[in-house]
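**Student:** Based on what follows, work out the 3D shape:
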Amino acid sequence: MDVRVIWQKYRFIIGGTGGFIILILLFFLFSPGQGVEVMAYEPEPMQEAASTDEASIEETVAKGNIFVEVKGAVKNPGVFELPPDARVKNVLEMAQLEPEADLLTVNQSMKLVDELVIYVPKAGEEVAAIEAPGSREESTSGEEMVNINTATMEELMTLNGIGEKKAQLFMDYREENGLFMKLEDIKNISGIGDKTYESLEPYITID
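**Tutor:** Here you go, the predicted structure:
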């Protein structure tokens, strides 16, 4: 059969059918109502998960805190919760010292430990120096002792209850009176009595 004859005979039908098909395709392509499903991004579950993680981290950090009690010449005595890297100075700032507070026997640079009790004396009051729980055992089990005849300011301040002011009194005593001849001679320093001496004696030497 001759194609040209078929085309001549049915060209109007073929052309009309092709145009109809093209119109249908254009309708589906550009119709605003075509049923295309769009998946919306919903970040809420992720944000809730992030919030849960942050709360978990905060709870873990809080569990690592320590509790320290402050007594004596402070405006706000009581138990304070602090991070594990806090120092005596930090908790004293929270407790707020009274004007008559005497810090000569308080080592403000000492690192706090859980269940530590800090007593801040008034001027002229004699008390034992602050001693962290377990520190006596640690010292007697091999920790190097401090030679009070040769120690620097920094070395003296490593002793429990010896802050910068008290360490300077040690230095002044050596300059004015020479070396300590016996351990008990430290009681000649202002502010160091029998109780303070007893707390320092296991950790100091003159040899």
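**Student:** wait, what's in contact with residue 64?
**Tutor:** 83, 84 (C-beta atoms under 8 Å, 6 or more residues apart in numbering). C-beta coordinates here come from the backbone N, C-alpha and C atoms, glycine included.
**Student:** pLDDT at it, what is it?
**Tutor:** Residue 64 carries a pLDDT score of 83 in this model.
**Student:** Which secondary structure element of this structure has the lowest mean pLDDT?
**Tutor:** The weakest-scoring helix or strand in the chain, judged by mean pLDDT, DSSP states H and E, is helix 135-140 (a mean of 44).
**Student:** What strands flank the next helix or strand after that one, and is each parallel or antiparallel?
**Tutor:** Helices and strands here follow DSSP states H and E; after helix 135-140, the next one along the chain is strand 146-147. Paired with strand 146-147 in the same sheet, following DSSP bridges, are strand 204-205 (parallel).
**Student:** in the chain, which spans are strands?
**Tutor:** 66-72, 78-82, 117-120, 146-147, 204-205 (DSSP state E).
**Student:** Dump these to CSV, plus distance to residue 196 and mean neighbour count.
**Tutor:** Converted to CSV, those look like this (distance: least, C-beta to C-beta, whole Å; neighbours: other C-beta atoms under 10 Å):
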stretch, distance to residue 196, mean neighbour count
strand 66-72, 15, 17
strand 78-82, 24, 14
strand 117-120, 12, 19
strand 146-147, 15, 18
strand 204-205, 11, 18
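**Student:** Tabulate the CA atom coordinates of stretch 196-207 in PDB.
**Tutor:** Extracted as PDB, the C-alpha positions of stretch 196-207 are listed here (Å, rounded to 0.1, in the frame of the first residue of the first chain):
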ATOM      1  CA  THR A 196      47.900  24.800 113.700                       C
ATOM      2  CA  TYR A 197      51.300  23.300 114.500                       C
ATOM      3  CA  GLU A 198      49.700  19.900 115.000                       C
ATOM      4  CA  SER A 199      48.100  20.100 111.600                       C
ATOM      5  CA  LEU A 200      51.400  21.100 109.900                       C
ATOM      6  CA  GLU A 201      53.900  18.900 111.800                       C
ATOM      7  CA  PRO A 202      53.400  15.700 109.700                       C
ATOM      8  CA  TYR A 203      54.200  17.700 106.500                       C
ATOM      9  CA  ILE A 204      57.200  19.800 107.400                       C
ATOM     10  CA  THR A 205      60.900  19.200 108.100                       C
ATOM     11  CA  ILE A 206      64.000  21.200 108.900                       C
ATOM     12  CA  ASP A 207      66.500  18.600 107.500                       C
END
